[in-house]
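**Q** here is a sequence together with a model predicted from it:
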Amino acid sequence: MSIEPTWWISVVEAPIVAALFWMIHGLRKDLHDRIDRTTERESEAVRRTRDDLADFKLEVARSYVPLSLIRDVDRRLSQHLLRIEEKLESVGAIRLRDRLGGDEA
């Protein structure tokens, strides 16, 4: 009984193919792990940059805007909001009066 040459080649090549497959699988897994780690580092760097920018903005606001100007802006905004509130109350009163007047007619 003789062994056919093609079968013998397949038996010899099978471990080599399996080893190559295992190596490719390992390389692919390592590449994905590196990509994930890089993404995490970039996310951390972006978070740190955002925090630093927020701190810088706060420092600029504290340093470059005089407190008197902030108080003036706060006062003007409060007055404007009070005027808006008065207008809304007057519109609500008119609608309520129209609604009550419309029911009686």
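**A** It's in.
**Q** burial check on residue 45, number of neighbours?
**A** 10 (other C-beta atoms under 10 Å). Glycine gets a C-beta too; all of them are placed from N, C-alpha and C.
**Q** name the element it belongs to?
**A** Under the criterion of DSSP states H and E, residue 45 resides in helix 5-64.
**Q** for that helix, give the mean pLDDT please.
**A** Confidence for helix 5-64, expressed as mean pLDDT, is 84.
**Q** for stretch 68-80, same thing?
**A** For stretch 68-80, the mean per-residue pLDDT is 93.
**Q** send me it as CSV with only the CA atoms.
**A** Extracted in CSV, the C-alpha atoms of stretch 68-80 (Å, rounded to 0.1, in the frame of the first residue of the first chain):
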residue,chain,number,x,y,z
SER,A,68,-18.3,96.2,38.1
LEU,A,69,-19.0,95.2,34.5
ILE,A,70,-20.4,91.8,35.6
ARG,A,71,-22.7,93.5,38.1
ASP,A,72,-23.9,95.9,35.4
VAL,A,73,-24.6,93.1,33.0
ASP,A,74,-26.4,91.2,35.8
ARG,A,75,-28.5,94.2,36.7
ARG,A,76,-29.5,94.9,33.0
LEU,A,77,-30.3,91.2,32.4
SER,A,78,-32.5,91.2,35.6
GLN,A,79,-34.3,94.3,34.5
HIS,A,80,-34.9,92.9,31.1
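**Q** this completes my enquiry, with thanks.
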